[in-house]
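Student: Kindly generate the corresponding structure for this input.
(chains A and B)
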Amino acid sequence: MKKGLLFFMLLFPASVLLAQKTIRGKVVDESGTPIANASVTIKETRQGGTTDASGNYIISADDRARTLIFSFIGKESYEVSIGNKSEINVTLKHQDAVLEEVVLGYGSQVKPKVVSSVSTLKAKDVENKPYTSVDQELQGKVAGLQAPVASGQPGAFQSIRIRGIGSATAGADPLYVVDGIIINSGDLTGLTTTANALAGLNPNDIESISVLKDAQATSIYGSRGANGVIVITTKRGRAGKTKFSFATEVGGNKLAKLPPNARFLNATEYIQLLQEGIINAGGDQSDVDFYTELFGGNSGVNTDWIKTITRTGLQQDYNLSASGGDSKNQFYISGGYFSQQATVIGSDFKRYSFRTNYKHIASDKLNFTVNLTGSNAIQNAPNNGGSFANPVGSLPFLRPTANPYNADGTINISTDPNDPTSFYNGQYNPLYIAKYDKHINNTTLIQASVGAEYAVLKNLKFSSRFGIDYNQIEEVDFWNQFHGDGAGLGGLLQTNNSRFFNWINTNQFDYNMNFGPGKKIRLDAKLGYEVQKSKSYVVYQAGQGFPPTNQLYYGINSATPVGASSNGSDYSFAGLYSSATFSYQNKYILSGSFRRDGSSRFSQNNLYGNFWSVGAAWNIDKEKFFDKIHFVNGLKLRGSYGTTGNAAIGNYQWQPQIQYGVNYGGQPGGTFSVVGNMNLTWESTNQADIGLDASFLKDRVSFIFDVYRRVSNRLLFDNPLSSTTGFVSFIDNIGKIENKGFEFTLNGTPIKTKDFSWDLSFNISHNKNKVLTLPGHKDIASSPFLLREGYDFRSFYVREWAGVDPANGNPQWWVDGTHTQKTSNYNSAQRQLIGSASPKYYGGFTSTLNYKGVDLETDFVYNYGNLVRDGWIFYTIDGAYPDLNKFAINLQRWQKPGDITNVPKYVFGSTNNSNGFSTRFLYKGDFIRLRNMTVGYSLPKELINKLKISALRIYVRGTNLWTKTYDKNLTVDPEQGVNSQSNLNVFYTKSLTVGLNVNF
Amino acid sequence: MKTTIKIFILSVIIAASITSCKKDFFKLPPYNGSPANGTISSDADMNVLANGMYAGLRSVNLYGRALPVKGDLAADNVYLKTGNSGRHLVFRDFNETTANGEAAGAWNDAYATIKDANQIINSTLTSTPVVDELKGEAYAVRALMHFELVRNFATPYTVDQNAAGIPIVTSYNQSALPARNTVKEVYTQIISDLNQAFSMISLNQGQSITIKTTNYTREMNSEFISKYAAKGLLAKVYLTMGDWQNAKAAATDVISNSGFSLVTAGNYTSFWANPAARTDKVETLFEVSSDAASNLSSDQLSAFYQQPPIGYGDLWITNDLYSQYSATDVRRNVILLGNSGGNTVYFNNKYSNTANPADKDDIKVLRYADVVLILAEANANLSDETNAKIYLNAVAESRDPSFAGYSSTGAQLKSDIINERRKELAFEGDRYWDFMRLNLPITNHIKTQNPYVAFPIPITEIHRLFPIPQSEMDVNPNITQNAGYN
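Tutor: This is a model prediction of the structure:
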């Protein structure tokens, strides 16, 4: 050490002796505007600096300096020989759009050479948005991608479908790749109502999102590309002055407007209907009196449960990041805090996150990268569906005469059957449940990778990366001992502690060469090998019998353990992948890829699969004849065809197994319970895509148009067996589904002046789904759907409502599809295949106005052509469940002969199935929603310069402020996930927030 | 040259990483299963599979809930309260379709358990006392499942022996598409299996055997089929066939040789409150285990009877049944009184351990009292009324110490025996099968008690039989549907 120091001291004077020279100058853009923060680097010594706010720079250079490099984001970098000059002024040209890099699988490609169908979102599209996970940001932004919200629970899992539904029983969600790591996505929890592994990633750290759609883009992901791939790249530092960025958003969430028909009866209306129903059921006055008393008609209580279970939820988001570095070391670091309370009590989400992305350039040939992100997300998610502890479920299931509070203001938890205002009939007081039951999901996420790139030759690069994706999930589900499901058990605690450890190693060669006449043909090729293993482990524990306090809900306090187990589930993949792109002067492009994948999920007889694609593009605008056409400045025709697989099948599905855990008499038991299939393998998709990209009037208007046909075959289905074998079915690769459609994206800048600009973006997607082959060509019931060859995969199988008989108020259904005969007997009406839960058309529309410092951005999403089902109206319409509350539409019931209405006679305890599933409860799912509206103001440059910051913007944002629906009968929000079925989930929120972004 | 070396080194690294990931990399065994290769390796292995087979009986579609509910609800012992949870409505309404979940559930799960029994029976392990014991119990389980299938899905033996029964399955074949055997053939198989069981099972309740491989002592308690439980089941099968001679012989064997006894009046309430397995040869010949770790949770039979907030409490006792019990009958002690809209209503309390964290209610499949009453009925039908009354009164007087005993004769005696069966075996899923084997209308079947809505079930009602499930009809061209179901 001492020696080293001495050596350094000896060397130091020598370096001083090197001749120094000062170079100064100014960097401007094509319009002469100075460029601040442009990087100026001496090529030979890698020393340098940046320009100041006026674009000026001064650097000192020694004798070794020969060349200066000027660079700035969005500009072409520029090299200039120093010679004897002491002042060098430079104009940086706008980087030509054609050189824009598009992130694809295992690398990126300049835009003209992209043959595939890829949609890209940039940081500005995803940062500072009030969404818990990045996938929620994609809705309406990407043509061909459908991402309907299923729950207002913050941190909820969200299904995404790219180009329709390509699988029936295996996963149909896309593959997610974050900085080269294929991550475990989806809902990884065991006890939580809904959770999303992606919610651990801070969207503000994201640089770009590429949605890979066609086979040419996805086949390099081989057996996992069939549902599309979402490639996420996080932010990097760039050489130059360290930049800080602070962003915050604070506001409140309120209940988004519910359809008018979602109103429930108040106490007076409820009792009125009850009494009428008793008379209609043949009861007399004594019955009326009896039930009026029993159901609280004399209690004077009138509770608006929707008010009781909703609130104004707080929303907070703080992000601070710094990025920068020099020519050798570049970094991006960030920290974030995000917190969102839903509008429904007991539902919230918090995330603490950080990220460090670091790159060290050791030499011209060698560099290293380290990416590390960690986060802790804490989610409270109440039950959904028919759970008696579901706060949203209390709307239909609690009578308006139940009293949430006692006279003294405390929460009422009486279950006294003689008190009609108590909670004696199953459903609990949601106030108490929300306060004392626990539904905690505490997830810690770590994603990290180390990588190195080495330029073996000038045109041959080797890169290697090792990454991990680690989820530690702690779940606590506690039912308190005083009220609710835990009463009678002395409280019940269930905990799940699960760990998902996923590692991936990727080694890749990238090679390019020019050849042919005049070396005009360029080849970009890659060859790589990737191995991945994911192991999960879960420990479950349950205990009951808790001390009589609401504070202690950990297992240590429980008297009796009632469950304990541990389990795990692993998978592995290994793949050899390659691709090659030939380009003739960026005019004619031919591209192909190949991947061979093996996986533990595939049976021994079918361990490896081959996947490939070919594509071609013609940049017509590069042709000579095109020079004369001035209003069109870009035109590209492309097409591709290829195969991909869907390996989102069960980890052990193929293996015939004796499974244990079927214990008996306190002793271990096992049975041959998994029949398996020794030939089971991935599902396979063939996809053809033809696309046209065009831009006009110097890019003021551009569009992207794609048509595609995806045929997914070898889909996993249960192939039925005679149950006398002891098995109902075995899993087999037999089904076939087709999706075909088009996508159209239009971008335009109708107005662009010095002070005023207006950008518009519109996209529309159409998908038509058709089931082609089913096991034995037989229908498969999947209530409320039916799978039938030739029909849409999500066709509702339902009796057709034929209105109310004006003569007697009875419900009527059409006997069959001919609509010639009506019946009041539910069971004599045939079910028909009606409509689909999947939309025919969907997309989004964005408008951005900028006037001087003011900006106004509005995002609309829309959806057309599907049907939506209220999944729980069975209990809340007509008189079948007279003890539960009812939708206010019951007030429109038939009352006397001649009444024309759609609501049958209200009969107490009716058994005529008028509440049974029929087209009466299917609604048009069409909507247009103003998903986001932001008004912002950025401080003018002069003021910013005075404040010594580089940008400051304040804004006000509203989300879900307005929704237009097209079915007046709707009893639920029309947006209900990919299956278009409501399940008493946490309501959507509309939020109003204010935000501040500062860069300095 | 230098570059060539670099490329070479890198190629070696890649080649090494590729070859290191050969097929072994893809061999990931499941955490909760072992490869099923069709063989049983040891007596310990067989024991674990036998436990799995028994656990199959606990299915919610079999003894776990559906079968015992059907036996009372489809008859006249219980009804579904207004505002019930919507479960098992078909047992009240007799409107099953071929898509009915109860029918398909029973069919699928009974055959799944038969598959588990067959795996043990067809094992090639060398005969040892343990192997024979377990195989014997597997024969009994196989017989029991065929018995439940044939009486649920086929015309009663007493009505038409040559009617279509159910497929007999004695070995595993994944591609099998069997036709229905006749009722007679099925009963022949059941009797053969139960005789085989009786000869192979060596343990009576309370005895034990040591499993060699693990040195584990397996105790024969009421949760497993002991020697005389197998014989008792045989008696019940003969009763169902109306084969009085053989029923008498089998029941007599149990009563004379098993060492079992009726529970005393004094212990009656605690007998039902106790959820644990028995080894004392009191009353319970065979019951299906439920315990703290392995139970059906909210789907337990007990939760269907126990009132909220503990259970659904969907089943209430008919006034007609309650009125059968005298005030001094100890069986009234397991009936709770409630109030609904001013009416007194009655709840069954034979299963009271839904919320007990330590143990859950076992489901009685065969009790000693049942065998005693079988002997009474067999004697009555063999015109030995003296002995019929001895056994009938043994049960009746034990339950009601103030009761002086039956003295009826002829048809009245037989009717008294059936009524005593009703009182004794109520809520244990037995009542419906008396109507079925005797081919009687269910005159006191009701839809609701308050208001009283009668819904008598004539013997011509096609829904007295389960339909062959649609799923089976769809895949198996050799099977025929029951009359009246299309």
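
Student: residue closest to the middle of chain A?
Tutor: Compute the mean C-alpha point of chain A, and by CA atoms, centre = their mean the closest residue is A:Asp135, 2.5 Å away.

Student: what's around the residue nearest to A:Gly516 when sequence neighbours are not counted, how many residues?
Tutor: With CB to CB, 6 or more residues apart in numbering or on different chains as the criterion, A:Gly516 has its nearest non-adjacent residue at 7.8 Å, and that residue is A:Tyr584. Bear in mind the C-beta positions are built from the backbone N, C-alpha and C, glycine included. A:Tyr584 has 14 neighbours, counted by other CB atoms under 10 Å in any protein chain shown.

Student: give me phi/psi at A:Tyr584?
Tutor: Dihedral angles of A:Tyr584 (phi, psi; degrees, to the nearest 10) stand at phi -100, psi 100.

Student: so it makes contact with A:Lys520?
Tutor: Yes: A:Tyr584 is in contact with A:Lys520 according to CB atoms under 8 Å; the separation is 6.1 Å.

Student: what about B:Asn387, how many residues close to it?
Tutor: Close neighbours of B:Asn387, defined as other CB under 10 Å, add up to 16.

Student: Do you know the pLDDT at it?
Tutor: For B:Asn387, the pLDDT comes out at 97.

Student: got the contact list for it?
Tutor: The contact partners of B:Asn387, by CB atoms under 8 Å, 6 or more residues apart in numbering or on different chains, come to B:375-376, B:379.

Student: With B:Val131 instead?
Tutor: B:43, B:46, B:123, B:125.

Student: ok, so of those residues, who is nearest chain A?
Tutor: The nearest member of those to chain A, counting by CB to the nearest CB, is B:Met46 at 10.5 Å.

Student: isn't the closest one right up against B:Ser123?
Tutor: Yes: with contact defined as CB under 8 Å, B:Met46 reaches B:Ser123; the gap is 6.3 Å.

Student: interface residues of the stretch 351-500 of chain A facing chain B?
Tutor: Listed as neighbours of chain B in the stretch 351-500 of chain A under the rule CB under 8 Å from any CB of the partner chain: A:415, A:424-426, A:456-457, A:460, A:462, A:487-490.

Student: Greatest separation within the residues you listed: which pair is it?
Tutor: Across those, no pair lies farther apart than A:Tyr424 and A:Leu457, at 80.4 Å, counting by CB to CB.

Student: Tell me which residue in the stretch 901-1000 of chain A sits closest to chain B.
Tutor: Nearest to chain B, among the residues of the stretch 901-1000 of chain A, is A:Gly909, at 6.6 Å (CB to the nearest CB).

Student: Please tell me the pLDDT value assigned to that residue.
Tutor: Per-residue pLDDT puts A:Gly909 at 88.

Student: B:Ile14 now?
Tutor: We have a pLDDT of 62 for B:Ile14.

Student: I'd assumed A:Ala281 was in contact with the residue of the stretch 901-1000 of chain A closest to chain B.
Tutor: Yes: counting by CB under 8 Å, A:Gly909 does reach A:Ala281; the two are 5.9 Å apart.

Student: list residues touching both of those two?
Tutor: When CB under 8 Å, 6+ apart defines a contact, the residues bordering A:Gly909 and A:Ala281 alike are A:Gly879.

Student: what residues are up against residue 379?
Tutor: Defaulting to chain A. A:153-155, A:192, A:195, A:199, A:348-350, A:440-443.

Student: To clarify, I was referring to chain B.
Tutor: B:248, B:385-388, B:391.

Student: Which one (most neighbours) among the residues you listed?
Tutor: Neighbour-wise, the contacts of B:Asn379 (other CB under 10 Å) top out at B:Ala388, 26 neighbours.

Student: Alpha carbons of the host helix or strand of that one, as CSV, please.
Tutor: Using DSSP states H and E, B:Ala388 maps to helix B:385-399. C-alpha atoms of helix B:385-399 as CSV (Å, rounded to 0.1, in the frame of the first residue of the first chain):
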residue,chain,number,x,y,z
GLU,B,385,-91.0,-62.7,15.7
THR,B,386,-89.7,-63.6,19.2
ASN,B,387,-86.1,-63.1,18.2
ALA,B,388,-87.1,-60.1,16.1
LYS,B,389,-88.6,-58.4,19.1
ILE,B,390,-85.6,-59.4,21.3
TYR,B,391,-83.2,-57.5,19.1
LEU,B,392,-85.6,-54.7,18.3
ASN,B,393,-86.3,-54.1,22.0
ALA,B,394,-82.6,-54.3,22.8
VAL,B,395,-82.1,-51.1,20.9
ALA,B,396,-85.4,-49.4,21.7
GLU,B,397,-85.2,-50.1,25.5
SER,B,398,-81.6,-49.1,25.6
ARG,B,399,-82.4,-45.7,24.1
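
Student: Return the set of residues that bridge with A:Phe349.
Tutor: On the basis of DSSP bridges, A:Phe349 is bridged to A:Gln340, A:Gln379.

Student: and if you look at the one 5 residues further on?
Tutor: Judged by DSSP bridges, the bridge partners of A:Phe354 are A:Gly335, A:Gly374.

Student: what's the neighbour count on A:Lys628?
Tutor: By other CB under 10 Å, 6 other residues sit near A:Lys628.

Student: roughly how far apart are the spatially most central residue of chain B and A:Ser133?
Tutor: With distances taken as CA atoms, centre = their mean, B:Tyr63 lies nearest the centre of chain B, 4.0 Å away. Distance, B:Tyr63 to A:Ser133, using CB to CB, to the nearest Å: 46 Å.

Student: Mind telling me which residue of the stretch 251-400 of chain A is nearest chain B?
Tutor: A:Phe290 (5.9 Å).
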